[in-house]
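Undergrad: turn this into a structure:
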Amino acid sequence: MPRQDELMSKRRSMAILANYQHALSERRKDLNDGAWRFRQGELVWVFEAPRKPTGSGDLDEPLRLSDPSDPEGTFGAGGRWIAGYVVGSSTAHVMGSSKPMTIDDYAEAFTVDEPEGTHYRVQKCGSDNYVKDYNLRYVLPWVKTPVRDDSRGIVIDQVSKRAASRASTSVFQVARRNIAPSFDGAKIVYELEGVFFGPEKVWIGDAIRIHKKNPPGNISVWDPASHGLMVIRKLALAVSHTEGEADNTPKYITLYFLGDLLSTSPPRPLDPIPFEIPIYLGKVGTDYGKWVASAGPDGKPMEGIVSSPVVFSRYYDPRIMQLIDSAYQTLDSVIHIQGIMNDRALSCGFTLLNGESLRPPVARLGNTTARTMGASVIGTPGPEEEQQSRDLDDRQKRPKLH
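TA: Got it, this is the predicted structure:
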């Protein structure tokens with residue numbers, strides 16, 4: 001191997017390792033937080049009330065239905081919902097203290113408008129400079145889709161909704177595990193530490209909601225009777241590969257979740273649960289159904305493997321859903337994955353993220369299609385690639401995911 005290629009390979013390996021170590025720290029934080037918190041990088045819905053003209057102290061003055069900082073936005077007399085990207089929050093601790101915030105503290109903040117100390121910082125999809133702080137009561141998970149309310153003049157901002165469409169239906173790597181990919185002649189399998197599953201960020205150790213084979217009819221997708229849970233033990237991305245194929249050959253990619261299964265009504269329950277579960281799952285209580293392990297015919301805990309079409313979303317504390325339903329008109333939805341992309345923030349229409357220039361995307365691959373064992377759709381950009389760039393249309397080409 002030429003010395004220059006050897007140095008580039010070494011730098012790339014160091015970048016992958018650094019990204020992996022950062023991800024481990026981020027993973028611990030997210031898994032220790034409550035299942036009512038939104039994670040950095042996730043897509044959310046945010047409500048914006050109409051604004052009064054700057055400097056106006058007259059409460060009777062007409063509300064302004066436009067915003068100079070967002071001239072292309074969609075506005076309504078009663079407010080609007082925008083699609084945004086979480087870039088920060090102050091919801092980890094109770095305002096004015098070092099006490100970690102609990103679901104009860106969240107519920108109190110949800111019912112009392114406290115703009116300081118209990119907010120998320122959100123960047124509007126499709127905009128480089130529309131970054132604002134929003135009280136947590138005005139932020140909803142992507143799978144609680146707000147609806148247009150003509151009677152109250154509340155609309156859905158179409159600019160940000162369109163800008164978020166690809167990111168909300170695509171898989172993005174958070175971090176690859178620090179192990180070599182496996183190859184069986186037909187596909188390359190990469191193990192991941194975490195992944196953006198459409199709008200949400202999930203980790204090994206997280207709980208996800210999975211479709212039941214025969215759920216009762218006419219019930220909400222949030223009802224425990226409609227779904228089971230899986231505690232993720234392994235995330236695997238399988239990329240089709242044939243030796244000697246042309247570079248432009250379409251790739252078929254499948255995201256697999258492997259883990260331990262939980263149910264509220266298994267035929268053979270195991271209680272107490274004989275394996276580790278996320279901290280947040282143990283704090284939910286039993287008011288919304290008690291989750292227990294399922295035993296197989298051999299009496300051992302049941303494990304499973306599912307692909308993305310079977311997964312509804314990551315697990316949320318049911319109490320946050322109750323609060324949301326009491327305050328807003330929303331449609332219950334599930335995540336539908338249609339492809340895979342490399343550049344999550346850029347796919348939301350950003351060239352700046354939270355006021356900082358984005359790292360230029362990887363150029364060496366040409367597009368997001370996996371080509372060789374060493375250059376894949378989930379490659380992590382190394383320092384040697386930071387000065388290269390590629391066209392937006394090329395960046396958003398996606399292989400098929402099924």
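Undergrad: where in this structure is pLDDT low?
TA: For the chain, residues meeting the criterion pLDDT under 70 lie at 1-20, 52-64, 92-93, 95-97, 113-117, 244, 246-248, 359-402.
Undergrad: okay, now residue 203: neighbour count?
TA: A count of nearby residues for residue 203, using other Cβ atoms under 10 Å, gives 23. (Glycine included, C-beta is placed from N, CA and C.)
Undergrad: so in terms of bridging, what pairs with it?
TA: Using DSSP bridges, the beta-bridge partners of residue 203 come out as residue 194.
Undergrad: residue 31 is in contact with that one, correct?
TA: Yes: taking Cβ atoms under 8 Å as the definition, residue 203 is a contact partner of residue 31 at 6.3 Å.
Undergrad: check contacts around the residue most central in space within the chain.
TA: In the chain, the C-alpha closest to the average C-alpha coordinate belongs to residue 200, at a distance of 1.5 Å (Cα atoms, centre = their mean). Contacts for residue 200 (Cβ atoms under 8 Å, 6 or more residues apart in numbering) come out as 39, 42, 43, 141, 142, 143, 313, 314, 335.
Undergrad: repeat the analysis, applying 7 Å as the threshold.
TA: Going by Cβ atoms under 7 Å, 6 or more residues apart in numbering, residue 200 touches 42, 142, 313, 314, 335.
Undergrad: just residue 140 next, same as before
TA: 44, 45, 146, 324, 328, 330.
Undergrad: in what helix or strand does the first one lie?
TA: Think residue 44. Counting by DSSP states H and E, the element that carries residue 44 is strand 43-48.
Undergrad: and that strand, which strands flank it?
TA: In the sheet, strand 43-48 lines up with strand 79-89 (antiparallel), strand 139-141 (antiparallel) (DSSP bridges).
Undergrad: in CSV: those, plus distance to residue 101.
TA: CSV is the format used below for the strands paired with strand 43-48 (distance: least, Cβ to Cβ, whole Å):
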stretch, distance to residue 101
strand 79-89, 10
strand 139-141, 14
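Undergrad: nearest to residue 172, of the ones you listed?
TA: strand 79-89 (12.0 Å; Cβ to Cβ).
Undergrad: gap between that closest one and the chain center?
TA: Centroid displacement of strand 79-89 relative to its chain, using Cα atoms, centre = their mean, to the nearest Å, is 13 Å.
Undergrad: for it, buried residues please.
TA: 79, 80, 81, 82, 83, 84, 85, 86, 87, 89 (16 or more other Cβ atoms under 10 Å).
Undergrad: likewise for stretch 132-152?
TA: In stretch 132-152, counting by 16+ other Cβ under 10 Å, buried: 132, 134-146, 149.
Undergrad: if we can go back for a sec, how about the contacts of residue 140 in JSON lines, adding distance to residue 291?
TA: Formatted as JSON lines, the contacts of residue 140 follow (distance: Cβ to Cβ, whole Å):
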{"residue": "44", "distance to residue 291": "25"}
{"residue": "45", "distance to residue 291": "27"}
{"residue": "146", "distance to residue 291": "29"}
{"residue": "324", "distance to residue 291": "21"}
{"residue": "328", "distance to residue 291": "26"}
{"residue": "330", "distance to residue 291": "24"}
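Undergrad: closest to residue 177 out of these?
TA: Closest to residue 177, out of all of those and judged by Cβ to Cβ, is residue 44, at 27.4 Å.
Undergrad: count the neighbours of the closest one for me.
TA: Counted with other Cβ under 10 Å, residue 44 comes out at 23.
Undergrad: and residue 278, by the same measure?
TA: When neighbours are counted by other Cβ under 10 Å, residue 278 comes out with 20.
Undergrad: so which residues of the stretch 251-400 of the chain form strands?
TA: In the stretch 251-400 of the chain, strands defined by DSSP state E, counting those that start in this stretch lie at 252-263, 269-270, 292-294, 303-307, 311-314, 330-332, 339-340, 352-353, 356-357, 400-401, listed in chain order.
Undergrad: pretty sure residue 235 contacts residue 192?
TA: Yes: applying Cβ atoms under 7 Å as the test, residue 235 and residue 192 come out as touching, 4.2 Å apart.
Undergrad: neighbour count winner among those two?
TA: Shown here are residue 235 and residue 192; by other Cβ under 10 Å, residue 235 has more neighbours (25 against 21).
Undergrad: for the residue nearest to the centre of the chain, give its distance to residue 66.
TA: 32 Å (Cβ to Cβ, to the nearest Å).
Undergrad: how about residue 233?
TA: 50 Å.
Undergrad: okay, those two: which has more neighbours?
TA: residue 233 (14 against 11).
Undergrad: skipping adjacent residues, who's closest to that one in space?
TA: residue 259 (4.5 Å; Cβ to Cβ, 6 or more residues apart in numbering).
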